[in-house]
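Colleague: Pasting the sequence and the predicted coordinates here, then a few questions.
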Amino acid sequence: MNPLRIGIIGAGGIVKRRHLPGLTRLSGIRLVAVCNRTEASSSAVAREWGFDRVARTPRALIEAEDVDAVVIGTWPYLHHILSNFALRRGKHVFTQARMARNLAEARRMLREARKRPDLVAMICPSPYAMGCALHVQKLIAEGYVGRVRLLRFHSLNASLADPDRPISWRQQTKLNGINTLGLGIILERLMQWVGPVTSVRADGTMFTSFRKDASGRRVKVDAFDQVQAIARLQDHPGWMELCLSGALHHGPREEVTIYGEEGTLAINLAENTVRGARAGEVALEVLPTPPALARDWNVEADFVDAIRAGGVANLPSERRAFFPPDFAEGVRYMAVTEAVIKAARSGREQRVWRPDAKEA
């Protein structure tokens, strides 16, 4: 078997924590080229992880004949540019989440991917509840809670509470777009469980309007520190109630609670535990995840195996049941994310974009 030759653009935090360890554990992988923002950073990564060489530019890496697949680990502002260019050059693509800065860029990425059905185009998945996600999905599908009346999620922390903390790229829409706090990451998982969202009402707050950048210059913050949203569900009579904040001290643990006509589920996202009770039962009890439904982080192997199989559709059904999102799924969560931010900015309810027959 010929080695799968991989180039990486943007080998920063999560790439070094997750993707490079995951790739180097696999057999038949060759790390060909790496390109970071500086040559010094690229060289350091190349030495540490055993890349064949440093690429001076993303274009040079993508156009190299000895690169089969491109991993994009940059901030979202480059995702659509690099992924589209790579697909046009016949390269498989794995892009870091969130998919893009906004829905328009995500839709362009999907259109480009559909021109090349022979190539794998994949997005890094949400880590939320990865160990028990299939279990929850199965419980809901089998009617454990019945039709959903309310889904409640909160993520409350103090990561942005200090007004003297320097501005992050995550707080700059030119780099991160509409992606706010953990909104897209949780929407990806929740929509896998309860289906599409049709409309959104939301509010957002910036408690700190200006922060200093790396040079000490005072710059305006244009991303919310806190967002609350109510999202109507297409397949259930109820709605999602979401509250995300980076400005609150001593917030509770991150948990999803799903209240239905027939029962309730509570999912601890960090611990991958599920508790539930049916109507008439006294209290929530632990519902252990069956081993056959438990999943660990296997993202890099998923990408490589999909390429070697000639596409995700050619993998065994048990592998396809819980797979990293493709670009179509990414567009769906980007559409809801954009609706939330538009609703928060405008103070008006927003319909969620739906594809027409040509794009569906």
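Modeller: All right, it came through fine.
Colleague: low-confidence ranges in this protein?
Modeller: For the chain, residues meeting the criterion pLDDT under 70 lie at 357-358, 360.
Colleague: and Val227, that's in a strand?
Modeller: Yes: judged by DSSP: H, G, I helix; E, B strand; the rest coil, Val227 forms part of a strand.
Colleague: Can we start the residue count at 38 from this point?
Modeller: From this message on, residue numbering opens at 38, which makes the last subject Val264.
Colleague: wait, doesn't it sit right on Ala380?
Modeller: No: counting by CB atoms under 8 Å, Val264 stays clear of Ala380, with 9.6 Å between them. C-beta here means a position set from N, CA and C on the backbone, and glycine is covered the same way.
Colleague: what's the overlap in contacts for the two?
Modeller: Common neighbours of Val264 and Ala380, counting by CB atoms under 8 Å, 6 or more residues apart in numbering, are Ala239.
Colleague: tally of neighbours for Ile267?
Modeller: Using other CB atoms under 10 Å, Ile267 has 17 other residues around it.
Colleague: where does it land in three-state SS?
Modeller: Ile267 is classified as strand under three-state DSSP.
Colleague: can you tell me how far the closest residue to it other than its chain neighbours sits from Glu278?
Modeller: Of all residues not flanking Ile267 in the chain, Arg238 sits nearest, at 4.9 Å (CB to CB, 6 or more residues apart in numbering). Remark: distance between Arg238 and Glu278 (CB to CB, to the nearest Å) = 10 Å.
Colleague: Give me the more crowded residue out of these two.
Modeller: Under the criterion of other CB under 10 Å, the comparison of Arg238 against Glu278 puts Arg238 first, with 18 against 15.
Colleague: a strand runs through that one, doesn't it?
Modeller: Yes: counting by three-state DSSP, Arg238 is located in a strand.
Colleague: quick one: it and Ser383 touch, right?
Modeller: No: Arg238 lies out of contact with Ser383 (CB under 8 Å); the separation is 10.4 Å.
Colleague: what about the strands in the stretch 38-187 of the chain?
Modeller: 41-46, 66-72, 90-91, 106-109, 129-132, 158-160, 185-193 (DSSP state E, counting those that start in this stretch).
Colleague: how many other residues sit next to Gly317?
Modeller: By other CB under 10 Å, the burial measure for Gly317, its neighbour count, is 7.
Colleague: The one 10 residues further on too?
Modeller: The local packing of Pro327 (other CB under 10 Å) involves 11 other residues.
Colleague: residues in contact with it?
Modeller: His172.
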